[in-house]
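S.K.: compute the structure for the input listed below.
(2 chains)
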Number of protein chains: 2
Amino acid sequence: MRIGELSRRTGVPIPTIKYYLREGLLPCGERTSPNQAQYGEEHERRLKLVRAMVDVGKLSVAATRDVLNAVDEPGLGLHKVLGTAHRAVTPEVPEEDGPAWAAAEQVVADLVRRQGWQVETCNPARRALAHLVVTLRDLGQDDLLDALDEYAAAAARLSVVELALISRREGLDAKVEGAVVGTVLGDALISSLRRLAQEDASSRAFEAAPVHA
Amino acid sequence: MRIGELSRRTGVPIPTIKYYLREGLLPCGERTSPNQAQYGEEHERRLKLVRAMVDVGKLSVAATRDVLNAVDEPGLGLHKVLGTAHRAVTPEVPEEDGPAWAAAEQVVADLVRRQGWQVETCNPARRALAHLVVTLRDLGQDDLLDALDEYAAAAARLSVVELALISRREGLDAKVEGAVVGTVLGDALISSLRRLAQEDASSRAFEAAPVHA
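M.R.: Next up, the predicted model:
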């Protein structure tokens, strides 16, 4: 197909496609004349993956290229490729110093052990979680951490469900696309569902009851 | 206590406390001399709630005042007060037009019915969820919506756990504080836990296995 048809099928404007071609996020088409190229199904599939990473995952061009390199490296293994995608959409939280930080890292390490999770020490989510533990303790709200294991168990169940959905898909590009979109939009989905479920739980517990403060 | 002691106990700088006093987010102290006032436990408690809303919930002064008005309205009922707090920390998503939007709203309505949730039609999370359904369909990723009910069930369980933690607290201010902090930091907590659980799930499913694309 010509670039116009590729644009029509994917909803990505032609100038954006040309930009991705220049940046190497999309392989060149097959040249059929000095200023015309043909694109195939693999371009359409790759363009959808780039769009998911850039539009939904808000990844930089450099981070997008890192994920694409992982997708294209032969024999890397699906676990490594998905890990690259998951990490690319996880904001980095800097490590901190001091006893409060060390105690929070221990909370995370103990949680990972209790849940029996196989998680590398360099997974950036460990630091994000430690940062939240420090923040909650600093605010004097650490009683909310009593639910940490139930939250973790819910996250574990959802991750298995999500992975099963992704595994049903044909092709590595589509699987990685699902990992990126499922991670980013999945967070927003859970957030909205919690707002609805919170109203329901509060309604059942307190509706029509007087303030008991 | 003097304003300096109030600042020391809460970690809120004196100029910020004075700003909150001017904006009516904090009740005036008891004047003991022309330029000195005394503050009590209720100021400390209220200041912690304001700090949670402004620092953690990123609420505007106007939105913070709305929540405080709900907290202070006699006989409003805990459900209404918590609802005000939950909504204040939920970003508004504008309603859209067209058949895709109507279909997404139906998906949300069906989900709420299947879950048996008691949720007002004006809960802004309905629109946030409909927007996500439209986005996933637009991206051709709607197979990920097959997990919607499992995500909803997880959100329901977590909301009950969260509400039980909040209910243990003494005083309406502390309960509302827990609702704000638990909602905002709870989202971040689940996001981090998902990143860890995803690595574990992927590791168990695919580790050392060749790419099967």
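S.K.: which residues touch the residue most central in space within chain A?
M.R.: A centroid search over chain A (Cα atoms, centre = their mean) returns A:Thr183, at 3.2 Å, as the residue closest to the centre. Shown here is A:Thr183, whose contacts under the criterion Cβ atoms under 8 Å, 6 or more residues apart in numbering or on different chains are A:Gly57, A:Ala85, A:His86, A:Val89, B:Arg194, B:Arg195, B:Gln198. No exception for glycine: its C-beta is placed from N, CA and C like everyone else's.
S.K.: tell me the angle the helix or strand harbouring it makes with helix B:172-206.
M.R.: Per DSSP states H and E, A:Thr183 falls inside helix A:172-206. Between the direction of helix A:172-206 and that of helix B:172-206, the angle (axes from the mean of the first three to the mean of the last three Cα atoms, to 10 degrees) works out to 150 degrees.
S.K.: avg pLDDT for helix A:172-206?
M.R.: Model confidence over helix A:172-206, given as mean pLDDT, is 91.
S.K.: tell me where the model's unsure across chain A.
M.R.: Screening chain A residue by residue with the criterion pLDDT under 70, one finds the ranges A:208-213.
S.K.: so where do the strands sit in it?
M.R.: Counting by DSSP state E, the segments of chain A that form strands are A:30-33, A:36-38.
S.K.: turn those strands into JSON lines, columns for mean neighbour count.
M.R.: Below are these laid out as JSON lines (neighbours: other Cβ atoms under 10 Å in any protein chain shown):
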{"stretch": "strand A:30-33", "mean neighbour count": "10"}
{"stretch": "strand A:36-38", "mean neighbour count": "14"}
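S.K.: tell me the spacing between the nearest residue to A:Leu193 once chain neighbours are set aside and B:Ala88.
M.R.: Sequence neighbours aside, B:Ala155 is the residue nearest to A:Leu193 in space, at 3.8 Å (criterion: Cβ to Cβ, 6 or more residues apart in numbering or on different chains). Look at B:Ala155 and B:Ala88: by Cβ to Cβ, to the nearest Å, they are 19 Å apart.
S.K.: more crowded one of these two?
M.R.: Neighbours per residue (other Cβ atoms under 10 Å in any protein chain shown) separate B:Ala155 from B:Ala88, with B:Ala155 holding more: 26 against 21.
S.K.: now do the helices in chain A.
M.R.: Across chain A, reading from the start of the chain, the helices by DSSP state H fall at A:3-10, A:14-22, A:41-51, A:61-72, A:78-88, A:99-115, A:124-138, A:148-167, A:172-206.
S.K.: contacts for the third one, please.
M.R.: Read that as helix A:41-51. Contacting residues not belonging to helix A:41-51 are listed as A:6, A:9-12, A:17, A:20, A:25-27, A:29, A:64, A:68, A:71, A:171, A:173-174, A:176-177, A:180, B:139-140 [Cβ under 8 Å, 6+ apart].
S.K.: out of the residues you listed, which are buried?
M.R.: Taking 16 or more other Cβ atoms under 10 Å in any protein chain shown as the criterion, what is buried in the contacts of helix A:41-51 is A:6, A:10, A:12, A:17, A:20, A:25-26, A:29, A:64, A:68, A:71, A:173-174, A:176-177, A:180, B:139.
S.K.: how many neighbours does A:Leu163 have?
M.R.: Residue crowding around A:Leu163 was assessed by other Cβ under 10 Å; the count is 23.
S.K.: go ahead and confirm it touches B:Ala201.
M.R.: Yes. Here A:Leu163 lies in contact with B:Ala201, judged by Cβ atoms under 8 Å, at a distance of 4.8 Å.
S.K.: centre of the chain to stretch A:37-55, how far?
M.R.: 19 Å (Cα atoms, centre = their mean, to the nearest Å).
S.K.: one step back: which residues touch the residue nearest to A:Leu193?
M.R.: A:Ile190, A:Leu193, A:Arg194, A:Leu196, A:Ala197.
S.K.: for the fourth one, what are its contacts?
M.R.: Applying Cβ under 8 Å, 6+ apart to A:Leu196 gives the contacts B:Val112, B:Trp117, B:Val119, B:Asn123, B:Ala125, B:Arg126, B:Leu129, B:Ala152, B:Ala155.
S.K.: and the second one, by the same measure?
M.R.: Residues near A:Leu193 by Cβ under 8 Å, 6+ apart: B:Ala125, B:Leu129, B:Tyr151, B:Ala152, B:Ala154, B:Ala155.
S.K.: now do the last one
M.R.: Applying Cβ under 8 Å, 6+ apart, we find A:Ala197 in contact with B:Gln115, B:Trp117, B:Ala152, B:Ala155, B:Ala156, B:Leu158, B:Ser159.
S.K.: repeat that with 7 Å
M.R.: Contacts for A:Ala197 were tallied using Cβ atoms under 7 Å, 6 or more residues apart in numbering or on different chains; they are B:Trp117, B:Ala155, B:Ala156, B:Ser159.
S.K.: phi and psi next, for A:Gln118.
M.R.: Main-chain torsions, A:Gln118, degrees, to the nearest 10: phi -90, psi 100.
S.K.: ditto for A:Gly11
M.R.: A:Gly11 has phi and psi values of phi 80, psi 10 when expressed as degrees, to the nearest 10.
S.K.: what residues does it make contact with?
M.R.: Residues touching A:Gly11, when contacts are defined by Cβ under 7 Å, 6+ apart, are absent altogether.
S.K.: give me that answer again for 8 Å
M.R.: Per Cβ under 8 Å, 6+ apart, neighbours of A:Gly11: A:Arg51, B:Asp138.
S.K.: same question, A:Leu165
M.R.: A:Leu165 makes contact with A:Gly178, A:Gly182, B:Asp143, B:Leu144, B:Asp146, B:Ala147 under the criterion Cβ under 8 Å, 6+ apart.
S.K.: whichever of those end up buried, select them in PyMOL.
M.R.: Selection of buried members from the contacts of A:Leu165 for PyMOL, criterion 16+ other Cβ under 10 Å:
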select buried, (chain A and resi 178+182) or (chain B and resi 144+147)
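S.K.: now, which of the contacts of A:Leu165 sits nearest A:Gly98?
M.R.: Taking Cβ to Cβ as the measure, A:Gly98 lies nearest A:Gly182 of the contacts of A:Leu165, at 35.8 Å.
S.K.: surely the closest one touches A:Ala164?
M.R.: No. Applying Cβ under 8 Å as the test, A:Gly182 and A:Ala164 come out as separate, 11.1 Å apart.
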